[in-house]
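Engineer: Everything below, folded, please.
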Amino acid sequence: MIIDLSCYPTDLVDLAWRHDGEPFTGERLLKMMDGPFYVNGKPRRIDKAFIQPPQGNTIYTDGILESEGKAAIRQYMAYTEKMVTEHPDRFLGCFVYNPRYGTQNGAEEIARYAKEFDFKMVQLQANMHAYRPDRALDWLRPAMKVCADLGLMVKVHTGDGPYSIPTEFYPIIREFPEVNFILAHFGVQTGGVYVFEPFQMAMDAPNVYVESGWCLQSRIVEFAKELPTHKILFGTDTPPNEPGMWLRLLEVLCHEPPQGLRLDEVTLEDYLGNNVARMIGLETTPPPASVAEAEAYLRAHGVQLETA
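Structural biologist: Below is the predicted model of the structure:
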């Protein structure tokens, strides 16, 4: 089972990143998830994906997103809620916490989405929501207390300044050791390459994990040699990214050095989905033992395969 941590289906093109084309809907995401993608020569699909609204659609926008308080939160979370409800076998909910709509409002909505729609994760996007996470601890504590009480994971956007440099989140991470924090994008975005910070943080703190997508290929080989195997989690940041490239990033670990490190397929399967499955209480699955087994699994789930 492959689980993607970071996908953004929407019925409204991201108002910040302004992606080209039509909105990348849930239906388009499902089609993309079916692939098939080839991992070590075997056809695979992305079985489940955590979904959330695009970050640019979680802030006030004149003439488009003008609600306040809980109404604003429910407006920007509405499409994610709809997709999780319609496709519970494929989509897992991730709540985007914007403290500017009220910290207590956000905390209460986190609890509601977790209890009513079985959301498993919350994301912080300090750059888009404009706050310093190392200083605005009073803005973060109400939400983190709910995450601690309900056992929710927290995914943190990292990779660009001024407010999403990975180590800026260390104060809140230390304050909530019972919460599992995932450093999204491995500290790489348009504004910086901070890959060594997430690596060191995941090595030092028991409750810090790294999302594989965006990491430099040469660095993921180095880091995977040192990181505990349960600390690396698969995520693609789709859209704008195409998930196959980040599957390939991890598949290469099974290759010979120096590009790879002779990683075994069981550990690769942990990276691709089993690590997250354990964190959220899903049953783990072994990698397919053969091409025929992989093909049979996909056909059983309605994926069309080309025939020679």
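Engineer: show me where pLDDT drops low in this structure?
Structural biologist: 308 (pLDDT under 70).
Engineer: which stretches of it form helices?
Structural biologist: Assigned by DSSP state H, the helices in the chain fall at 26-34, 69-86, 103-117, 126-129, 137-150, 170-175, 196-204, 217-226, 243-251, 265-269, 275-280, 291-300.
Engineer: mind listing what's buried in stretch 17-30?
Structural biologist: Residues 19, 23-24, 26, 29-30 are the ones in stretch 17-30 that count as buried (16 or more other Cβ atoms under 10 Å). Glycine gets a C-beta too; all of them are placed from N, C-alpha and C.
Engineer: contact partners of that stretch?
Structural biologist: 7-13, 49, 51, 54-56, 79, 82-83, 86-87, 90-91, 238-240 (Cβ atoms under 8 Å, 6 or more residues apart in numbering).
Engineer: just the buried members of those residues?
Structural biologist: Looks like the contacts of stretch 17-30 have 7-10, 13, 49, 51, 54-56, 79, 83, 87, 90-91, 238-239 buried, using 16+ other Cβ under 10 Å.
Engineer: follow-up on the earlier one: please produce TSV containing the helices of the chain, extended by distance to residue 156.
Structural biologist: As requested, the helices of the chain are exported to TSV (distance: least, Cβ to Cβ, whole Å):
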stretch	distance to residue 156
helix 26-34	22
helix 69-86	18
helix 103-117	15
helix 126-129	8
helix 137-150	10
helix 170-175	8
helix 196-204	9
helix 217-226	18
helix 243-251	18
helix 265-269	25
helix 275-280	15
helix 291-300	33
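Engineer: closest to residue 210 out of those helices?
Structural biologist: Closest of those to residue 210 is helix 196-204, at 4.8 Å (criterion: Cβ to Cβ).
Engineer: Can you point out the buried residues in that closest one?
Structural biologist: Under the neighbour-count rule (16+ other Cβ under 10 Å), helix 196-204 has 197-199, 201-202 buried.
Engineer: With distance to residue 278 added, can I get these in a markdown table?
Structural biologist: Converted to a markdown table, the buried residues of helix 196-204 look like this (distance: Cβ to Cβ, whole Å):
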| residue | distance to residue 278 |
| --- | --- |
| 197 | 25 |
| 198 | 20 |
| 199 | 21 |
| 201 | 20 |
| 202 | 16 |
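Engineer: Dump the C-alpha coordinates for stretch 21-35 into PDB.
Structural biologist: Coordinates of each C-alpha in stretch 21-35 appear next as PDB, following Å, rounded to 0.1, in the frame of the first residue of the first chain:
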ATOM      1  CA  GLY A  21      -5.300  24.900 -16.600                       C
ATOM      2  CA  GLU A  22      -8.500  23.800 -15.100                       C
ATOM      3  CA  PRO A  23      -8.900  23.100 -11.300                       C
ATOM      4  CA  PHE A  24      -7.100  19.800 -10.300                       C
ATOM      5  CA  THR A  25     -10.200  18.100  -9.000                       C
ATOM      6  CA  GLY A  26     -10.500  15.000  -6.900                       C
ATOM      7  CA  GLU A  27     -11.500  13.000 -10.000                       C
ATOM      8  CA  ARG A  28      -8.300  14.100 -11.800                       C
ATOM      9  CA  LEU A  29      -6.200  13.200  -8.700                       C
ATOM     10  CA  LEU A  30      -7.800   9.700  -8.500                       C
ATOM     11  CA  LYS A  31      -7.000   9.100 -12.100                       C
ATOM     12  CA  MET A  32      -3.400  10.200 -11.500                       C
ATOM     13  CA  MET A  33      -3.100   8.000  -8.400                       C
ATOM     14  CA  ASP A  34      -4.000   4.900 -10.400                       C
ATOM     15  CA  GLY A  35      -1.000   5.300 -12.600                       C
END
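Engineer: Give the full set of residues in contact with residue 101.
Structural biologist: 68-70, 72-73.
Engineer: 6 Å instead?
Structural biologist: Neighbouring residues of residue 101 by Cβ atoms under 6 Å, 6 or more residues apart in numbering: 69, 72-73.
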